[in-house]
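Enquirer: Here is my input, please return the structure:
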Amino acid sequence: VLEVGMADLVVRRVTDQDLEELAEIVRNEDSPSSDTLFDVDYEVRFHGKLYEITGNDTLKGFQQMLLPVFKYVYSSGLINKPITPKKYVSHRGLVEILAERDASKFRKGMRQHLDNHFNRIF
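Expert: Numbers count the residues shown, from 1 in each chain. You can find the predicted model right below:
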């Protein structure tokens with residue numbers, strides 16, 4: 001929810017250097033699919049960089065508070081239920097969209113990136 005909501009801030013504040021760092025993070029990304037469960041450490045690196053780009057210390061602090069929750073949800077099996085996958089956008093796809101610096105497209109891409117996780121929860 002936060003990543004979708006902070007799209008305008010990320011797009012407004014992203015620099016070419018940030019895009020290079022995000023590209024480096026996703027360079028060795030496995031070929032994810034719509035039914036791929038996330039790797040916690042990898043997710044923290046990618047999404048943590050997005051939080052950093054906002055320049056908002058409150059958002060960055062909130063992410064730190066959520067990390068134990070993410071790890072619990074992942075390790076507990078709560079998200080292992082079968083889903084009907086929707087269109088999925090990978091981290092690499094998000095970097096490509098962010099490079100266009102279009103908040104509306106980035107917001108939509110982020111939602112499509114997270115939709116399958118939302119489906120596992122709801």
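Enquirer: where are the low-confidence patches of this structure?
Expert: 30-39, 78-86, 117, 120-122 (pLDDT under 70).
Enquirer: swap the cut-off to 90 and go again
Expert: For the chain, the stretches with pLDDT under 90 are 1-3, 27-45, 59-90, 113-122.
Enquirer: Nearest to the middle of it, which residue? Look it up for me.
Expert: Closest to where the C-alpha atoms of the chain average out (Cα atoms, centre = their mean) is residue 47, at 4.7 Å.
Enquirer: element containing that one, please.
Expert: Assigned by DSSP states H and E, residue 47 falls within helix 40-54.
Enquirer: neighbours around residue 73, how many?
Expert: Neighbour count for residue 73, taken as other Cβ atoms under 10 Å: 17. C-beta coordinates here come from the backbone N, C-alpha and C atoms, glycine included.
Enquirer: And what about it, helix, strand or coil?
Expert: helix (DSSP: H, G, I helix; E, B strand; the rest coil).
Enquirer: starting at the chain centroid, how far to stretch 109-122?
Expert: 10 Å (Cα atoms, centre = their mean, to the nearest Å).
Enquirer: Quick check: buried residues in it?
Expert: Using 16 or more other Cβ atoms under 10 Å as the test for burial, stretch 109-122 gives 109, 110, 111, 112, 113, 114, 115, 116, 119, 120.
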